[in-house]
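Asker: sequence first, predicted model second:
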Amino acid sequence: MELINFQTLTISDIVLLVFFLVTFIVQMYFLLGVYLKLVLHRKEDFNTEHSPVTIILPLRNVESGIRELINKFTALPFNDYQLIVIDEVSEDDTLHILNILAETNPRLKITSLSQENRFQEKQSINIGLKGASSSWIVQLTANSVPVSQEWLSKLNGLLDDNTDAVIAYTNVERKKGFRNLICRLELFSQFMISGSRVLTGKPFVFSENNVLFRKSMYFDNQGFKHKLNLNFANLELIFNENFRKGRIKITTNPEIAVREKIEDDRGDHIKLLKKTVQIRQNLSWAKKANLFLDDFTKFLLIGLAIAQIILHPEYWITFSSVIVIYFVVLSIIVKKLLTRLKERKIFVPSFFYILIKPIINCCFFWSMYLIHRRSRWN
């Protein structure tokens, strides 16, 4: 490896080199000081004393699988819980079947929206929270099925007096096809980003599902009163405003993870990205700056490395070695986290997706800004 001869460099060369080294140091800080914390997060100790929990389950038009779905929840080996199902104006026989099932199941409570409207999702959540008899809430979707019978008991076992919420992993079930893969990559990267920030004292989430939280967090802050016009994010907005350092727990336990069965819809990934943009726009300035710095320096590092190699090909081994070190550390972190979460066959795609994620974020920030600007003038 040929060392850089600073005597042959111009002032602009030195400035560019300093930018490159500073960018590398910043990115290594994020890898070793932020993301590595999630990988090294110790396994949890579970409490034996459990608190009553209410599961909120909004659904619509699931007549064919509703019996199987309810049976899976009512078969959970956890005694002190309530299941509130909110029917979102189903057009099939879903509500009728639910009412029949509720007659023989005291844990099951059924309610429904009176009519469809533009705030349907937020109204469903509000109705569910108002009907909850427990002080602890966890929300899932009709496509979510706990992968483990120990899901609820272990999630509940992480609660204590100093905890306001427990965040667990959520992704989609693995299927063939690019659309399924791209959704899995996005959800994994979201968890990697938010989970590491929880452990560094800047807690926030990208997903409202599989988060066990205090009901008071919603009602003490007037619920969705000032958030009805935000279309993509729901409880995430409440969480991210009220999560406090040291009072939020994150778990990488695969037995507490939830997988969602989704259709092969080309819009699923787009919805995830739009939701991500909206959530990031509503974070505090400190958290926004932290995420922007991570994205910007990640993009800048590779660009500056390419520029250095083009300008000084005689030092290509030196500059390439710096990038290789970065790639090796990032790949180890991604691989270890995937192993802990028992995510299979997405290591290489996840590695490259994380590298190009800043570009994807930038494109969607810009596109949503243009859409917002056009709608404001129209």
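Answerer: Arrived safely, thanks for sending. Numbering: from 1, shown residues only.

Asker: all strands for the stretch 1-150 of the chain, in order.
Answerer: Using DSSP state E, counting those that start in this stretch, the strands of the stretch 1-150 of the chain run over 53-59, 81-87, 108-112, 136-139, 144-146.

Asker: those strands: lowest mean pLDDT?
Answerer: For the strands of the stretch 1-150 of the chain, mean pLDDT drops lowest on strand 144-146, to a mean of 75.

Asker: tell me the phi and psi of residue 172?
Answerer: When read as degrees, to the nearest 10, the backbone of residue 172 gives phi -100, psi 160.

Asker: I'd guessed it sits against residue 258; true?
Answerer: No. Residue 172 lies out of contact with residue 258 (Cβ atoms under 8 Å); the separation is 9.9 Å. Where you see a C-beta, it was placed from the backbone N, CA and C, and this is true even at glycine.

Asker: tell me the domain ranges of the protein?
Answerer: In terms of domains, the chain is parsed into 6-40+287-377, 53-266 (source: automatic domain parsing).

Asker: make JSON lines out of those and add distance to residue 277 and mean neighbour count.
Answerer: Shown next, in JSON lines, are the domains of the chain (distance: least, Cβ to Cβ, whole Å; neighbours: other Cβ atoms under 10 Å):
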{"stretch": "domain 6-40+287-377", "distance to residue 277": "5", "mean neighbour count": "15"}
{"stretch": "domain 53-266", "distance to residue 277": "8", "mean neighbour count": "18"}
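
Asker: let's have these in CSV, adding distance to residue 47.
Answerer: Formatted as CSV, the domains of the chain follow (distance: least, Cβ to Cβ, whole Å):
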stretch, distance to residue 47
domain 6-40+287-377, 22
domain 53-266, 5
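
Asker: and residue 349, which of the three is it?
Answerer: Local secondary structure at residue 349 is given as helix here, using DSSP: H, G, I helix; E, B strand; the rest coil.

Asker: nearest spatial neighbour of it, skipping sequence neighbours?
Answerer: residue 185 (5.7 Å; Cβ to Cβ, 6 or more residues apart in numbering).

Asker: so how far is the host helix or strand of the one you found from its chain's centroid?
Answerer: For residue 185, the enclosing helix or strand under DSSP states H and E is helix 178-199. Distance of helix 178-199 from the chain centroid (Cα atoms, centre = their mean, to the nearest Å) equals 6 Å.

Asker: and if you look at stretch 215-233?
Answerer: The answer for stretch 215-233 is 18 Å, by Cα atoms, centre = their mean.

Asker: list of residues touching that stretch?
Answerer: Contact with stretch 215-233 is made by 54, 119, 122, 125-126, 129, 132, 134-137, 164-165, 208, 234-235, 237-239, 241-242, 271, 274-275, 278-279, 282, as judged by Cβ atoms under 8 Å, 6 or more residues apart in numbering.

Asker: check stretch 87-97 too.
Answerer: 58-63, 66-67, 98, 110-113, 115-116, 120-121, 124.

Asker: run through the bridge partners of the residue nearest to residue 143 when sequence neighbours are not counted.
Answerer: In this structure, residue 143 finds its nearest non-sequential neighbour in residue 260, 4.4 Å apart by Cβ to Cβ, 6+ apart. Counting by DSSP bridges, residue 260 forms beta bridges with residue 144, residue 172.

Asker: list the contacts for residue 260?
Answerer: 141, 143-144, 170-173, 209 are the contacts of residue 260 under Cβ under 8 Å, 6+ apart.
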